[in-house]
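1. This is the structure alone, sequence omitted:
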């Protein structure tokens, strides 16, 4: 994991012109569709959960909801993931986790997302059920079984172990490295 930091530093050191060239090489039209994103990342034969997660990531990056990720949305997403302030990242995570868009996240939504992430990353050190259980034990003070944006942000910030779990699970470095360096193998 030691070289993870140097890869991130390299990604951050890339200038905007280089990012633009990479983006245009992958998508000459200047717009990336969901299908193209999956092709760029080499995501084939995914489980239904993993597929659903990638769809949700796409929808959160497609800020204007037009069905495409343009260069500005792409750079905003990359910048948020690499350099974003913690409140911004937590708001993005919440939007990603809130699959039904009702303004709250429940255990099923979190478990679905974490299962999908593990299907993609193959990192199964802790089960999604255990992760969700830890998050809800620490953050869901009222024991309602769902978290609002405010509860999620404040609760996560108040518990370093929750922040560590989220940082590890939501680390998009492998995805960004694929975009920057191209899929190998």
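-> On my side now, so go ahead. All values derive from a computational prediction rather than experimental measurement.
2. Not counting stretch 103-118 itself, show me its contacts.
-> Around stretch 103-118, the neighbours that count as contacts under CB atoms under 8 Å, 6 or more residues apart in numbering are 47, 49-54, 56, 94, 96-100, 123-124, 128-129, 131-132, 135-136, 145-149, 152, 169-170. (Glycine included, C-beta is placed from N, CA and C.)
3. ok, residue 161 - contacts?
-> Neighbour list for residue 161: 134, 138 [criterion: CB under 8 Å, 6+ apart].
4. ok so it is a helix residue?
-> Yes. Assigned with DSSP: H, G, I helix; E, B strand; the rest coil, residue 161 falls within a helix.
5. Going through the contacts of stretch 103-118, which ones are buried?
-> When the contacts of stretch 103-118 are checked for burial by 16 or more other CB atoms under 10 Å, the buried set is 49-54, 56, 94, 96-99, 128, 131-132, 135-136, 146-148, 152, 169-170.
6. Among the residues you listed, name the ones in helices.
-> Using DSSP state H to define helices, the subset of the buried ones among the contacts of stretch 103-118 located there is 49-54, 56, 94, 96-97, 128, 131-132, 135-136, 152, 169.
7. Next up, identify which helix or strand residue 157 is on.
-> When secondary structure is defined using DSSP states H and E, the element that contains residue 157 is helix 149-158.
8. contact partners of that helix?
-> Contact with helix 149-158 is made by 86-87, 90-91, 93-94, 97, 103, 105, 138-141, 147, 162-163, 166, as judged by CB under 8 Å, 6+ apart.
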